[in-house]
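Peer 1: Sequence first, then the predicted structure:
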Amino acid sequence: MPVLLVAVLLFYLGSYLVLTLQGEYQPTAVGLNGPKVVNWTPRGFFSANDMEWNLPLLTVYAPLFYADNRWWHSEDWAPELHAY
């Protein structure tokens, strides 16, 4: 049983790692003068065309997503927002 638990945990971590390595900073809130909020979004977590989060994917990976955004892809790394 412990081997199965370790395998599931490694798959969970590995699959998130693959998604976050293909991610990018995307505007997640847009106002009249352009983007207001930019967040790190792993691949498939957010649709910039529809401006919608993929809630099932976000729910499954919530602990890793929040840890990733807190410690690795924090707002300090986000590109500057400029009003044009």
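Peer 2: Noted; the coordinates are in hand.
Peer 1: continuing past the longest helix seen in the chain, what's the next helix or strand?
Peer 2: Within the chain, and with DSSP state H defining each element, the longest helix by residue count is helix 2-21. Reading on from helix 2-21 to the C-terminus, the next helix or strand found by DSSP states H and E is strand 24-31.
Peer 1: Return the distance of stretch 19-39 from the chain's centre.
Peer 2: Relative to its chain's centre, stretch 19-39 lies at 10 Å (C-alpha atoms, centre = their mean, to the nearest Å).
Peer 1: repeat for stretch 42-61
Peer 2: Averaging C-alpha positions (C-alpha atoms, centre = their mean) puts stretch 42-61 8 Å from its chain's average.
Peer 1: Only alpha carbons, please: show it as PDB.
Peer 2: What follows is stretch 42-61 as a C-alpha-only set of coordinates in PDB (Å, rounded to 0.1, in the frame of the first residue of the first chain):
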ATOM      1  CA  PRO A  42       0.000  26.800 -15.500                       C
ATOM      2  CA  ARG A  43      -1.100  25.500 -18.800                       C
ATOM      3  CA  GLY A  44      -4.800  24.900 -19.000                       C
ATOM      4  CA  PHE A  45      -5.700  26.700 -15.700                       C
ATOM      5  CA  PHE A  46      -6.900  29.900 -17.300                       C
ATOM      6  CA  SER A  47      -8.400  30.800 -20.700                       C
ATOM      7  CA  ALA A  48      -7.300  34.300 -21.700                       C
ATOM      8  CA  ASN A  49      -9.800  34.300 -24.600                       C
ATOM      9  CA  ASP A  50     -12.700  33.700 -22.300                       C
ATOM     10  CA  MET A  51     -11.200  35.200 -19.200                       C
ATOM     11  CA  GLU A  52     -12.300  32.200 -17.200                       C
ATOM     12  CA  TRP A  53     -10.500  29.900 -14.800                       C
ATOM     13  CA  ASN A  54     -10.700  26.100 -15.300                       C
ATOM     14  CA  LEU A  55     -12.300  25.400 -11.900                       C
ATOM     15  CA  PRO A  56     -12.100  21.600 -12.000                       C
ATOM     16  CA  LEU A  57      -8.300  21.700 -12.700                       C
ATOM     17  CA  LEU A  58      -7.800  24.500 -10.200                       C
ATOM     18  CA  THR A  59      -9.600  22.500  -7.600                       C
ATOM     19  CA  VAL A  60      -7.600  19.300  -8.100                       C
ATOM     20  CA  TYR A  61      -4.300  21.200  -8.000                       C
END
